[in-house]
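Participant: Fold the following.
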Amino acid sequence: MKIFTLLLLFVFSIKGKAQFKKQPFIINGEMKHQSAGYVKLDYIDYKGTYVKDSARIKDGHFKFKGYISHPINADIYGEINFNNTNDINFHTIFIEPGIMQLIVEKDRFKQLQLKGSETQRQIDSIDNSYKYKTLVDSLDRRIYYLDLTCRLNPANKYLKDSAKNIRIQLDPYYRELNRKHMDFTKKNTKSYFSVYYLQILLHRLPLDSVKRIFNSYSNELQTSYYGQKIAEGIRAIEGGGPGAKAKSFVAADQNGNIISLEQFKGKSYVLLDFWATWCKPCRAESPFLVELNTKFKSKGLQIISIADDDDRKLAWKKAIQDDKTGDWIHILKGVGTDNDLGKLYAVQPIPTKILIGKDGTVLTRYEGTDGNKALMEALTKNLK
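Facilitator: Coordinates of the predicted model:
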């Protein structure tokens, strides 16, 4: 353990952002079945700045030019109906310094071909070798068209249930593919996809495992844009993970009352529940939270739900009412303020739950739903 900490000190000693090398890239693109319109590309440039670019399609061709520091993940999309990765005209690619060739087909962005990017070739080799890829792609398209039809027929429960059932059907396939990505990340210590994907694993794996993987990477990866983000994330989690003292905050609840974390110290266990109205897995957690509140509120548990809905206050209050979760404290995350609780506790994926003991010490922290059983057991044991 001491070895890992010492190795990380080199990365942590970097003051501010590294001065990345400015390297040009060109994407020569061909669009099939669409001769006009625009293609858009979002990426991080060599300065660490988020760039939103667009290229006009002329006679079925387009071109992107820019400057990046090293291989970087980018979003590429055309005319989209949904602002998320499920849209059939949206995909992610890894662009690299140099000249690349891209072939993409309207309504089939998921099947695009990018040449000239070694990192993209590595990703394609993982995904294309997955034996259920054709099935997964087919089910993804079905969800897209069901969601699109639901938008036109919002009251149609059959359509909503059909999309939900397909998502449930897809879950084990995505878990298996994620395991393949994780295995690649552990074994390929010089790949930019590895250091990119480790950012995701930062909130899924035990922190010691993340450190071990990170310290196996080359200095080039550790000091890259993604490497710096991982180093920052490790520092933040170490300040808000199990064994650390919970960070204090003050906020207004759903009824306008001012609450503070300190007011529960010495009195209650506190469960911080990070969620959002637009997060379907979060909303699916509501019955579990209601169960926790029913069983343990009288025994000393205080739930504080923290929503990423600062710009959706009406939807936030409606969701509390619809999900019947108004029996505990709800506050907003404070996005864009000096009191952003997501940043304070280094929360990225949601749902995230953090259990704090009566003495103010963080007892457990987990993302998703995998820790629900252990949380229930811990509360049953400690709150009698």
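Participant: how about low-confidence regions in the stretch 1-150 of the chain?
Facilitator: Across the stretch 1-150 of the chain, the ranges flagged by pLDDT under 70 are 1-19.
Participant: what ranges do the strands span in it?
Facilitator: Using DSSP state E, counting those that start in this stretch, the strands of the stretch 1-150 of the chain run over 23-32, 38-44, 50-56, 61-68, 72-77, 90-95, 98-105, 113-115.
Participant: same thing with the stretch 251-384 of the chain?
Facilitator: 258-260, 269-275, 301-307, 329-332, 352-356, 362-367.
Participant: Kindly reformat those strands as TSV and extend each row with mean neighbour count, distance to residue 167 and mean pLDDT.
Facilitator: In this view, the C-beta of every residue, glycine as well, is placed from N, C-alpha and C. Formatted as TSV, the strands of the stretch 251-384 of the chain follow (neighbours: other C-beta atoms under 10 Å; distance: least, C-beta to C-beta, whole Å; pLDDT from 0 to 100):
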stretch	mean neighbour count	distance to residue 167	mean pLDDT
strand 258-260	13	35	95
strand 269-275	24	18	96
strand 301-307	24	22	97
strand 329-332	21	26	96
strand 352-356	24	20	93
strand 362-367	19	18	86
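Participant: So for residue 242, which of those sits nearest?
Facilitator: Judged by C-beta to C-beta, the one of the strands of the stretch 251-384 of the chain that comes nearest to residue 242 is strand 362-367, at 5.4 Å.
Participant: residue farthest from the centroid of the chain?
Facilitator: Distance from the C-alpha centroid of the chain, by C-alpha atoms, centre = their mean, peaks at residue 59 (36.8 Å).
Participant: What's the separation between it and residue 105?
Facilitator: Relative to residue 105, residue 59 is positioned 16 Å away (C-beta to C-beta, to the nearest Å).
Participant: Give me the neighbour count for residue 128.
Facilitator: Neighbourhood size, residue 128 [other C-beta atoms under 10 Å]: 8.
Participant: Quick check: the gap between it and residue 35.
Facilitator: Going from residue 128 to residue 35 by C-beta to C-beta gives 29 Å.
Participant: before we move on, what about residue 191?
Facilitator: In terms of C-beta to C-beta, residue 191 sits 37 Å off from residue 35.
Participant: More neighbours: which of those two?
Facilitator: residue 191 (21 against 12).
Participant: close enough to count as contact, the more buried one and residue 120?
Facilitator: No - contact criterion C-beta atoms under 8 Å: residue 191 and residue 120 do not qualify, at 11.2 Å.
Participant: need the longest helix for the chain.
Facilitator: helix 157-187 (DSSP state H).
Participant: buried residues in that one?
Facilitator: 159, 160, 162, 163, 167, 170, 177, 181, 182, 184, 185, 186 (16 or more other C-beta atoms under 10 Å).
Participant: So for that helix, mean pLDDT?
Facilitator: Average pLDDT, helix 157-187: 94.
Participant: Using neighbour counts, pick out the buried residues of the helix or strand following it.
Facilitator: The C-terminal neighbour of helix 157-187 among helices and strands, as given by DSSP states H and E, is helix 192-201. Buried positions in helix 192-201, judged by neighbour count with 16+ other C-beta under 10 Å: 192, 193, 194, 195, 196, 197, 198, 199, 201.
Participant: ditto for stretch 88-96
Facilitator: Residues 88, 89, 90, 91, 93, 94, 95, 96 are the ones in stretch 88-96 that count as buried (16+ other C-beta under 10 Å).
Participant: These: which two are farthest apart?
Facilitator: Distance extremes for the buried residues of stretch 88-96: the farthest pair is 88 and 96 at 25.4 Å, using C-beta to C-beta.
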